[in-house]
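Engineer: have a look at this prediction, sequence included:
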Amino acid sequence: MSTTPVKVAVTGAAGQIGYSLLFRIACGDLLGPDTPVQLQLLEIEPALKALEGTVMELNDCAFPTLAGVEIGSDPNKIFDGANLALLVGARPRTKGMERGDLLSANGAIFTGQGKALNDHAADDIRVGVTGNPANTNALIASTNAPDIPKERFSALTRLDHNRAISQLSEKLGVPVTEIKKMTIWGNHSATQFPDLFHAEVDGKNAYDAVGDQDWYADTFIPTVAKRGAAIIEARGASSAASAASATIDAARDWLLGSAADDWVSMAVVSDGSYGVAEGIISSFPVVTKNGDWEIVQGLEINDFSRGKIDASVAELVEERDAVKELGLI
Ligand SMILES: NC(=O)C1=CN([C@@H]2O[C@H](COP(=O)(O)OP(=O)(O)OC[C@H]3O[C@@H](n4cnc5c(N)ncnc54)[C@H](O)[C@@H]3O)[C@@H](O)[C@H]2O)C=CC1
Ligand SMILES: O=C([O-])CC(=O)C(=O)O
């Protein structure tokens, strides 16, 4: 095992996603069995007592990869020297809300955290935002961290990506391992566009394998895009273990690389590719390597996809304008 621990900061550590995420990171699911991790956990003051209990449990697991745990409510201290920051801490929506309704409640969290990351994180910092509305919160954090390259911020659409794979696997009766090149475009919201036109099932085109435009448009897309709401309806609380799992998948692939015959969905700063407004944080198909990502280029976008991508991008532009109005960026 290498000796220098990777410092992983997690915010909202006492929340429900945190309760799953911390144990997965600590046991090596993020960086593998040979890389020790130091957890640096941020919570608001009233939640620190509960977090102390979680830390007791982390210690009780005696994970060989867990080098240490620090907790606190000051982002300037908790982000000090962090190599990876997973920004989960934010209010979840409840029944009947859209994630965008959380902008005014959660947006301000990401200004202060962006500044603290800017001033204290390690030079190689990567920042993954899970807290909703994730894309625009990532934009707020990035804008408030002008010294950190914009490419170091991403928002989580990997849960949507995994949901799309799972739904397709169920429909076609194939294992999830046979499904490659899934893409979520746009916002982590009900306007997101899960794209089957470029996905593959056992090497063949997924849209053709389904062969049913009505199922694609009227069942698959809304099921994936509204899965978060369906889980809130069923569980009475928003998805937690699956969100933690996707947060791990996304960070692991970003740092360690995506598979050679596949790509992943990540919301990253747009360079204008595929006509997506420059500067917003929108989900694309990306390949990753050593902590860097590249948008997959050259995919043909048909009229159906164009309309869906444009609608989701329009929503992101509206969210950007709203947080500008609120003085957060
Ligand atoms: N992008 C995605 O795919 C998903 C995103 N989410 C979002 O993740 C966020 C967290 O969800 P849960 O863990 O279920 O919520 P939760 O309410 O169980 O936990 C959130 C935690 O964040 C803490 N917190 C609040 N303000 C903070 C601050 N300024 N600094 C540090 N910690 C702070 C709270 O004290 C709480 O412990 C929500 O916004 C939720 O909507 C949830 C599922 C999927
Ligand atoms: O739906 C929500 O509010 C939580 C979330 O982001 C998801 O499950 O995708």
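Structural biologist: Structure's in. What do you need? Ligands and ions are numbered 1, 2, ... in the order given.

Engineer: from now on I want contacts and neighbour counts done on CA atoms only, so please keep to that.
Structural biologist: Noted.

Engineer: ok, residues contacting the helix or strand containing Gln113?
Structural biologist: Using DSSP states H and E, Gln113 maps to helix 103-120. With Cα atoms under 8 Å, 6 or more residues apart in numbering as the test, helix 103-120 has contacts from 75-77, 79-82, 90-91, 132-133, 137-138, 140-148, 323, 326, 328-329.

Engineer: now the buried members of those residues.
Structural biologist: Restricting those to buried positions leaves 75-77, 79-82, 90, 132-133, 137-138, 140-145, 148, 323, 328-329, with burial counted as 16 or more other Cα atoms under 10 Å.

Engineer: out of those, which are inside strands?
Structural biologist: Assigned to strands by DSSP state E, none of these qualify.

Engineer: please report how far Leu168 lies from Gly203.
Structural biologist: In this view, Leu168 and Gly203 are 14 Å apart by Cα to Cα, to the nearest Å.

Engineer: neighbour count winner among those two?
Structural biologist: Leu168 (24 against 12; other Cα atoms under 10 Å).

Engineer: and the helix holding Gln113, what's buried?
Structural biologist: Taking 16+ other Cα under 10 Å as the neighbour-count basis, helix 103-120 is seen to contain the buried residues 103, 106-120.

Engineer: and the residues you listed, which is closest to ligand 1?
Structural biologist: Using Cα to the nearest ligand atom, the shortest approach to ligand 1 within the buried residues of helix 103-120 belongs to Ile109, at 4.9 Å.

Engineer: ok, the closest one to ligand 2 distance?
Structural biologist: Between Ile109 and ligand 2 the distance is 17 Å, computed by Cα to the nearest ligand atom, to the nearest Å.

Engineer: repeat that for Ala259.
Structural biologist: Ala259 sits 24 Å away from ligand 2, going by Cα to the nearest ligand atom.

Engineer: please enumerate the strands of the protein.
Structural biologist: So, for the chain - with DSSP E - the strands run 6-11, 37-42, 66-72, 84-87, 126-129, 153-155, 179-180, 183-185, 193-195, 200-201, 204-205, 264-269, 281-289, 292-295.

Engineer: just want the angle from the first one to helix 103-120.
Structural biologist: I take that to be strand 6-11. With axes from the mean of the first three to the mean of the last three Cα atoms, to 10 degrees as the criterion, the two stretches strand 6-11 and helix 103-120 enclose an angle of 150 degrees.

Engineer: quick check, strand 6-11 touching ligand 1?
Structural biologist: Yes - under the criterion of Cα under 6 Å from any ligand atom, strand 6-11 makes contact with ligand 1 via Thr11.

Engineer: tally of neighbours for Ser282?
Structural biologist: 32.

Engineer: now Lys204
Structural biologist: The burial count assigned to Lys204 is 14, neighbours taken as other Cα under 10 Å.

Engineer: how far away is Ser273 from Gln167?
Structural biologist: The spacing between Ser273 and Gln167, counted by Cα to Cα, is 28 Å.

Engineer: put together JSON lines for the strands of the chain, with mean pLDDT on each row.
Structural biologist: Conversion of the strands of the chain to JSON lines gives the following (pLDDT from 0 to 100):
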{"stretch": "strand 6-11", "mean pLDDT": "98"}
{"stretch": "strand 37-42", "mean pLDDT": "98"}
{"stretch": "strand 66-72", "mean pLDDT": "98"}
{"stretch": "strand 84-87", "mean pLDDT": "98"}
{"stretch": "strand 126-129", "mean pLDDT": "98"}
{"stretch": "strand 153-155", "mean pLDDT": "98"}
{"stretch": "strand 179-180", "mean pLDDT": "98"}
{"stretch": "strand 183-185", "mean pLDDT": "99"}
{"stretch": "strand 193-195", "mean pLDDT": "98"}
{"stretch": "strand 200-201", "mean pLDDT": "98"}
{"stretch": "strand 204-205", "mean pLDDT": "98"}
{"stretch": "strand 264-269", "mean pLDDT": "98"}
{"stretch": "strand 281-289", "mean pLDDT": "98"}
{"stretch": "strand 292-295", "mean pLDDT": "98"}
